[in-house]
Each structure stands twice: as structure tokens, then as C-alpha cells.
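>>> Predicted model and sequence below, questions to follow.
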Amino acid sequence: MAILFLATSILAALVVVWAIVSILQGRLNKQARLVYFGCFIAAAIAAYFTTYQYNHYPNANTRFRGWPIPWLIEQRDSPSSPWLDFIGPLIVLAYPINLVIYLLLPSIVALLVVDRLFARAPPPQA
């Protein structure tokens, strides 16, 4: 399962980078670039708030900090016991992964627009 998560995360990151490179090369008109970078800013803000300002309690003794990828998971034995935290690699990677998740759909749409605008016309029939 971890391999599948890693592979899809890398694939999503490559799609986002490909879209950003295509847009920065000037393959879209100015309005489409502004819309994409507006989506980029909105995704960065949304990723910040859902990563660092959102707490999810799946049960009374478990707390996830961040969504959809949590940066910290805390558990306790009983309501009166202290929270014990699990700090793994996601404390560093949660925000970039969440940003990629939020940018994936606008990037796919931008790549489809780039493909439509710059598709090669078929050669003229003789």
C-alpha cells in the first residue's frame, strides 16, 4: 500500500510540474495563465489551512492534525492520559503533498487546454 501511495504521489507531482513548465513556457494565453496561477495561490492557501489548522478526531483517543495528509498523529490510552505523538516523515512532506493534491485537477485541465490549443492540424488533403 505504501508503494502505491508513493507511486501515485510521484506521478501527481510530475503532472503538476509538467503543467507549470508548460505554462511558464508560454503555451497558454495570458488569461489562462492568470487563471492557473490564481488556482495555484488558492491551492497553496487551502493546503496551508487544511494541513496546519485542521484537526480530525476519528475517535476519542486519536487525533489527526491535517487533512487529507496529516502531518501529526496523536493517540492516548484514555481521556485523562496525555497525548502521545507519532512524528514521521510526513511532518515535512504533508504540506507539499497536500499542495500537489489540490493542484492536480487544475494542472490536468491546463494540460488538456495546452493539448487542445497546440494540437497539430492534420495535413491538407490533396
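Looks like it arrived, so ask away. In this text the structure is predicted, and so the values were computed from the model without any measurement.

>>> Now do the helix ranked longest in the chain: which elements does it pack against?
For the chain, the helix with the greatest residue count under DSSP state H is helix 90-117. Helix 90-117 sits against helix 2-24, helix 30-52, with contacts defined as 3 or more Cβ pairs under 8 Å, 6 or more residues apart in numbering; DSSP states H and E. Just so you know, the C-beta spots here come from the backbone N, C-alpha and C atoms, and that holds for glycine as well.

>>> Mind checking those for the one nearest to Arg63?
Nearest to Arg63, of all these, is helix 30-52, at 14.0 Å by Cβ to Cβ.

>>> Need the mean per-residue confidence for that closest one.
In this model, helix 30-52 has a mean pLDDT of 91.

>>> before we move on, what about stretch 55-74?
Stretch 55-74 comes out at a mean pLDDT of 90.

>>> Same check on stretch 18-25?
So the average pLDDT for stretch 18-25 ends up being 88.

>>> buried ones in that stretch?
Going by neighbour count (16 or more other Cβ atoms under 10 Å), the buried part of stretch 18-25 is 19-20, 22-23.

>>> how about those residues, which pair is most distant?
Ile20 and Ser22 (7.3 Å).

>>> if we compare the helices and strands packed on helix 90-117, which one ends up closest to Ile101?
So among the helices and strands packed on helix 90-117, helix 2-24 is nearest, using Cβ to Cβ, at 6.9 Å.

>>> who's in contact with the closest one?
For helix 2-24, the external contacting residues (Cβ atoms under 8 Å, 6 or more residues apart in numbering) are 28, 32-33, 36-37, 97, 100-101, 103-104, 106-108, 110-111, 114.

>>> ok so, going back, just the angle between the longest helix of the chain and helix 2-24, please?
50 degrees (axes from the mean of the first three to the mean of the last three Cα atoms, to 10 degrees).

>>> what's near enough to touch Phe64?
Contacts of Phe64 by Cβ under 8 Å, 6+ apart are 55-58, 70, 72-73.

>>> Selecting buried members of these in ChimeraX, what would you type?
This is how ChimeraX selects the buried members of the contacts of Phe64, with burial counted by 16+ other Cβ under 10 Å:
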select :70,72,73
